[in-house]
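Colleague: Requesting a structural model of the entry that follows:
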Amino acid sequence: MKKSLIALAVLGALSGAASAQSSVTLYGIFDIGLQWNESGKNRTVTGGPTTYSQESVWGIDGGYQSGNRFGLRGSEALGKNWAAVFTVEGGFDSSTGTLQQGGRVFGRQSWAGLQHTAFGTVAFGRIAAPSSGTGAFDLWGNVDPFQTGWGQASLGATFIPSSTLREDNAVIWASPSWAGFKFAAAYSANVDGAETAPQGSNSSIMNLGANWTWGPLFLAATYDVVGYADAGSAGRPGAGNPDQKMLQVGGYFDFKFLKVHAAYADQNNISTVQTLAGVGSAAAGFVPVGIGNFNNTAYMLGVTVPLFGGSLLASYQYSDASNIINTAGAQFEPDYSNWGIGYSYPFSRRTNMYVGYAQREWDGRITATAAAGGGTLNYMSQAFDKSQFAVGIRHLF
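Modeller: Have a look, this model is predicted:
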């Protein structure tokens, strides 16, 4: 009897040791609240002039501070500091229960690979880019006081990759932290959807990113190049356009009583149609006929302030077209500003309440004799301006 008990104890210990070598974790975020949105609505009637007006709506909406998600992450120790790792993560609308990211079950990220404590991780699948401000390999999000969340206040309002750039058919290598320094490089054979033959009919993308943390200082830089499909490729928006190149640099300094954030982006050959799984120029819907792409620079200055046990967040962004393009009689300069303010109060380590407000304002010009209807498109302020208010609760699990 004693031997049987001892044997059972040994087996239990061994099975516990074995299970400790492999783990799967369920996690997610549930974000829901009350929102007010005011934005432009097209009031054009058939045969009449183009007209817009500002219209508003109240509603129950989710994903303001953070996109709602559920996921599984797992690892299995393989010995000699190696492990097999994976993550699958889906996004959903908490106010309706529907899937996001185009209805994909695991649209936020879906990847598997090998990890070494000294050399980093190599993974394959659908990956959020190092420049995206989200995902397992993000190197950029800490630059933004809003962590690329908070709706219209997000850095993604002017910095294109920061608007959750995700890539299908990708491979990535991401380093561990080497004395505070991290680096990542990635490549996608076709950024959105399955690859097709010939190779030139796919829109590829290359990503580089790095950051460095030293005490109160955080610095980051990313570089993304979208190689559009060859001209004439069926079903590939932007086919034939020149490579879209996007550089982001930024960081913060933490004075303890005040954290100061700043960022700069140089974005070239921004196409009129974006197909980066939902990422696009905020002004893309109003690009005149005959203009294939444009260039701009973007700036952000922000702060994080500890206040009453929570955090006060604020930022100002400006998107400045670096040139006016003249094609087929059209001029286009999509300048605009974006500012936001918010407050988050933690009830516990996993639950917080938030309130936020943000506003986008058109500051550019567009004269497009080549556009439908011709003449000066003087409705841009009514069409493009947006205001947003939200109050809600977020729970991490």
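Colleague: Give me the pLDDT value at the residue nearest the centre of the chain.
Modeller: Among the residues of the chain, the one closest to the centroid is Thr164, at 1.5 Å (CA atoms, centre = their mean). For Thr164, the pLDDT comes out at 89.
Colleague: Would you quantify the distance from it to Tyr27?
Modeller: 18 Å (CB to CB, to the nearest Å). All C-beta atoms are positioned from the backbone trio N, CA, C, and that covers glycine.
Colleague: repeat for Thr158
Modeller: Remark: distance between Thr158 and Tyr27 (CB to CB) = 30 Å.
Colleague: How about Asp93?
Modeller: Distance from Asp93 to Tyr27, by CB to CB: 19 Å.
Colleague: now the strands: where do they sit in the stretch 1-150 of the chain?
Modeller: Assigned strands in the stretch 1-150 of the chain, in chain order: 22-42, 52-62, 69-79, 82-91, 109-116, 120-128 (criterion: DSSP state E, counting those that start in this stretch).
Colleague: Pull up the pairing partners for the helix or strand hosting Gly250, direction included.
Modeller: In this assignment (DSSP states H and E), Gly250 forms part of strand 244-254. Strand 244-254 has the following sheet partners, assigned by DSSP bridges: strand 217-227 (antiparallel), strand 259-271 (antiparallel).
Colleague: Select from those strands the stretch with the lowest mean pLDDT.
Modeller: Of all these, the minimum mean pLDDT falls on strand 259-271 (a mean of 94).
Colleague: Spatially nearest residue to Ser53 (excluding sequence neighbours)?
Modeller: Nearest residue to Ser53 in three dimensions, chain neighbours excluded: Arg43, at 5.4 Å (CB to CB, 6 or more residues apart in numbering).
Colleague: Show the backbone phi and psi for that neighbour.
Modeller: As for Arg43, its main-chain torsions (degrees, to the nearest 10) stand at phi -110, psi 20.
Colleague: so who does it touch?
Modeller: Arg43 sits next to Thr51, Tyr52, Ser53 when contact means CB atoms under 8 Å, 6 or more residues apart in numbering.
Colleague: buried subset of the residues you listed?
Modeller: Tyr52 (16 or more other CB atoms under 10 Å).
Colleague: Could you export the contacts of Arg43 as TSV, including pLDDT and distance to Arg365?
Modeller: TSV is the format used below for the contacts of Arg43 (pLDDT from 0 to 100; distance: CB to CB, whole Å):
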residue	pLDDT	distance to Arg365
Thr51	76	18
Tyr52	80	16
Ser53	85	20
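Colleague: quick check, nearest of the contacts of Arg43 to Ala83?
Modeller: Nearest to Ala83, judged by CB to CB, of those is Tyr52 at 54.0 Å.
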